[in-house]
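# Sequence first, then the predicted structure:
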Protein chains: 2
Amino acid sequence: MKILITGGAGMIGRKLAQRLASDGALAGKAISKLTLYDVVPAVAPAGAGVPVDLATGDLPAMGEADRLIADRPHVIFHLAAIVSGEAEQDFDKGYRINLDGTRSLLQAIAKAGYKPRVVFASSIAVFGAPFPDAIGDEFFNTPLTSYGTQKTIGELLISDYSRKGFIDGIAIRLPTICIRPGKPNKAASGFFSNIMREPLAGEEAVLPVGESVTHWHASPRAAVGFMLHAASLDLARLGWRRALTMPGLAVTVGEQIAALRNVAGDRVVARIRRQPDSFVEGIVAGWPRKFAPTRALELGFTADASFEEIIRIHIEDELGGKFA
Amino acid sequence: MKILITGGAGMIGRKLAQRLASDGALAGKAISKLTLYDVVPAVAPAGAGVPVDLATGDLPAMGEADRLIADRPHVIFHLAAIVSGEAEQDFDKGYRINLDGTRSLLQAIAKAGYKPRVVFASSIAVFGAPFPDAIGDEFFNTPLTSYGTQKTIGELLISDYSRKGFIDGIAIRLPTICIRPGKPNKAASGFFSNIMREPLAGEEAVLPVGESVTHWHASPRAAVGFMLHAASLDLARLGWRRALTMPGLAVTVGEQIAALRNVAGDRVVARIRRQPDSFVEGIVAGWPRKFAPTRALELGFTADASFEEIIRIHIEDELGGKFA
């Protein structure tokens, strides 16, 4: 089985590649080739037992998608995207990569005349306020960002290209990934991870919102699990409604902090500095807080068991089992 | 005020142009120029008191949209589209005109740096079965045709380009237009009009479904009214949810026939020949039947008063007040 990951240099792409290389198989079939494609060079997973091909390029460029799928990968994880903040600041670039890039890929597949499994990474940004308390599977898509608009369009294309028999596709709406590894970033949602990751690393972190703020989380490991399950599942069970909200954990910031205390103690929690920021509070107020992802649960997608587990996964996968 | 109608040679485009030419004004402002654009030459409205420009071209072609809006029309009615059946048969053509064409137009406007009112003709094809009995304003979009997918994408673009301040846009989902003038066509929905129009013209018409089938209708005159209202309304009242289901009449085929009897008598009704067709019955079963278009009604969009009125409008507008 040949596998292609677009966005292979990104956080989820890297972790997915590592897992696939380590498993050596997907859906019971041995992996014969793993291609990691991105605009910057990806890194081959450590100790990969499968052949890994690293490719760079500009997906929406003329002929690029045709070249990319020339060896007809059986499973394509399409993760490549301009992220929310950048797509909002650079309107044309967001549409070019997130819409044109996705369409180029799907069109190249249709033209090649074979029918791969395509797993499209979508986002809860396809929803826009006002929301019900818990967003159900039939809530409508009224995105309030260009990124959310482009992801919604991607979902529609995945369903239509599947219905027409060009691909066997599924779009999975990922929760906010927490604890996001790496350096603190300036994304408005960054603090959900920062206030966990930085204290565990012995650093101070700023909490800009109140403890009652609720958000929808999944660990990087859970996100990789969603990807693998989406690649293995019999999609006929979905009919032509191919976009699914993934399960997650709806927890308050206060519950995050309590979980951190349970796992790592008061000394670590004391590194969180409360510094309310009404600008961030305002942005966060427009975000979805909670979902009722009934379809995904019925189809066997599973969330993290608890926020404690999310913290332990971070300590295990990113910190070698120890915290400061 | 300069007005552009794309799809100006189509049925709604022609009727809208005729009405604008006859009114000489829109939203209280005199019309200085009316451009009718289509892939085939449109016909200037009879007795137009305003300057009419007839233009032909291929909207998604490079540079075409820029040329089309070079004189910065204040109001753009974007009606040009490949219809449902053809978009399903010719996948690439449907996406090229319905998605690329719409995006080219919006992108040309963004590049020109002015902010026209854009009224986008959408469709109830943005919804796909299974449905609730009456589809509310927050029901989700799961189209089951490429045409419906392309219209949903158009709606998303209208909302996003509006939110970003490039246009002041609105997407209106038209009911099935009834009584559609002209010859019987092979569209599966054609019979809803055929069984009214043909008997009124002294011809026989085939009814392929049972009388209990319910459908959602608006007269051509009501559709033109929606367009004009959409062009005049203060869209700030819509927030960024710029797609609206238009009001219509949910009537059964039996109620259509009873209305025809009331207006035109048994002699006309006797020209309807019942010839059940399970293929058509099957297609129609997958269509929306009824809506609860609360937002549009609150915003002042008005449907036809009754199916009798729909029939009388046809007799008045298409048959010179007489029927056979």
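On my side now, so go ahead.
# Flag every residue of chain A that's near chain B.
Remark: the part of chain A in contact with chain B comprises A:91, A:95, A:103, A:110, A:128, A:138-144, A:146, A:149, A:152-153, A:156-157, A:159-160, A:163-164, A:240-241, using CB under 8 Å from any CB of the partner chain. C-beta coordinates here come from the backbone N, C-alpha and C atoms, glycine included.
# And those residues, which of them are buried?
Applying a neighbour-count criterion of 16 or more other CB atoms under 10 Å in any protein chain shown, the buried members of the residues of chain A next to chain B are A:91, A:95, A:103, A:110, A:128, A:139-144, A:146, A:149, A:152-153, A:156-157, A:159-160, A:163, A:241.
# how about low-confidence regions in the stretch 101-250 of chain A?
Within the stretch 101-250 of chain A, the stretches falling below the threshold (pLDDT under 70) are A:186.
# would you list every one of the helices in it?
Using DSSP state H, counting those that start in this stretch, the helices of the stretch 101-250 of chain A run over A:102-112, A:146-163, A:190-200, A:220-232.
# for those helices, which one ends up most surrounded?
Taking mean count of other CB atoms under 10 Å in any protein chain shown as the contact definition, the stretch among the helices of the stretch 101-250 of chain A with the greatest mean neighbour count is helix A:146-163, which reaches a mean of 26.
# Packing partners of that one?
In terms of contact count using 3 or more CB pairs under 8 Å, 6 or more residues apart in numbering or on different chains; DSSP states H and E, helix A:146-163 is assigned the packing partners helix A:84-89, helix A:91-94, helix A:102-112, strand A:117-123, strand A:168-174, strand A:243-245, helix B:146-163.
# From the chain's centroid, how far away is the last one?
Put plainly, it is helix B:146-163. In terms of CA atoms, centre = their mean, to the nearest Å, the centre of helix B:146-163 is found 15 Å from the chain centre.
# which phi and psi does the nearest residue to residue A:49 once chain neighbours are set aside have?
Spatial nearest neighbour of residue A:49, chain neighbours left out: residue A:24 (5.2 Å); criterion: CB to CB, 6 or more residues apart in numbering or on different chains. As for residue A:24, its main-chain torsions (degrees, to the nearest 10) stand at phi 70, psi 0.
# just checking, residue A:24 touches residue A:47?
No: under the criterion of CB atoms under 8 Å, residue A:24 is not in contact with residue A:47, lying 10.9 Å apart.
# Between those two, which is the more surrounded one?
Regarding residue A:24 and residue A:47, a neighbour count based on other CB atoms under 10 Å in any protein chain shown identifies residue A:24 as having more, with 12 against 8.
# Show me the strands in the stretch 1-150 of chain A, by range?
Under the criterion DSSP state E, counting those that start in this stretch, the stretch 1-150 of chain A contains strands at A:2-6, A:25-26, A:29-30, A:33-38, A:52-56, A:75-78, A:117-123.
# Identify the residues contacting the residue nearest to residue A:149 when sequence neighbours are not counted.
Counting by CB to CB, 6+ apart, the nearest residue to residue A:149 once its immediate chain neighbours are dropped is residue B:160, at 4.2 Å. By CB atoms under 8 Å, 6 or more residues apart in numbering or on different chains, the residues touching residue B:160 are A:143, A:146, A:149.
# Residue A:280 in helix, strand or coil?
At residue A:280, secondary structure determined by DSSP: H, G, I helix; E, B strand; the rest coil is helix.
# number of nearby residues for the nearest residue to it once chain neighbours are set aside?
Distance criterion CB to CB, 6+ apart; nearest residue to residue A:280, sequence neighbours excluded, is residue A:208 at 4.1 Å. By the measure other CB under 10 Å, the count of residues near residue A:208 is 22.
# In this structure residue A:208 contacts residue A:282, no?
No: counting by CB under 8 Å, no contact exists between residue A:208 and residue A:282, whose distance comes to 10.6 Å.
# about what we covered before: I'd like the helices of the stretch 101-250 of chain A as TSV, with distance to residue A:11 appended.
Putting the helices of the stretch 101-250 of chain A into TSV (distance: least, CB to CB, whole Å) gives the following:
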stretch	distance to residue A:11
helix A:102-112	19
helix A:146-163	16
helix A:190-200	11
helix A:220-232	7
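# between these, which one is nearest to residue A:214?
With distances scored as CB to CB, the stretch of the helices of the stretch 101-250 of chain A nearest to residue A:214 is helix A:190-200 (10.7 Å).
# circling back to that earlier point, of the contacts of residue B:160, just say which sits nearest to residue A:87.
Within the set of those, residue A:146 lies nearest residue A:87; the separation is 4.9 Å, counting by CB to CB.
# Contacts only, for that closest one.
Neighbouring residues of residue A:146 by CB under 8 Å, 6+ apart: A:87-88, A:91, A:94-95, B:160, B:164.
# can we see that at 7 Å?
Residues in contact with residue A:146, defined by CB atoms under 7 Å, 6 or more residues apart in numbering or on different chains, are A:87-88, A:91, A:94, B:160, B:164.
# likewise residue A:281?
Residue A:281 makes contact with residue A:209 under the criterion CB under 7 Å, 6+ apart.
# now do the same end-to-end measure for stretch A:87-101.
The first and last residues of stretch A:87-101 sit 13 Å apart, counting by CA to CA, to the nearest Å.
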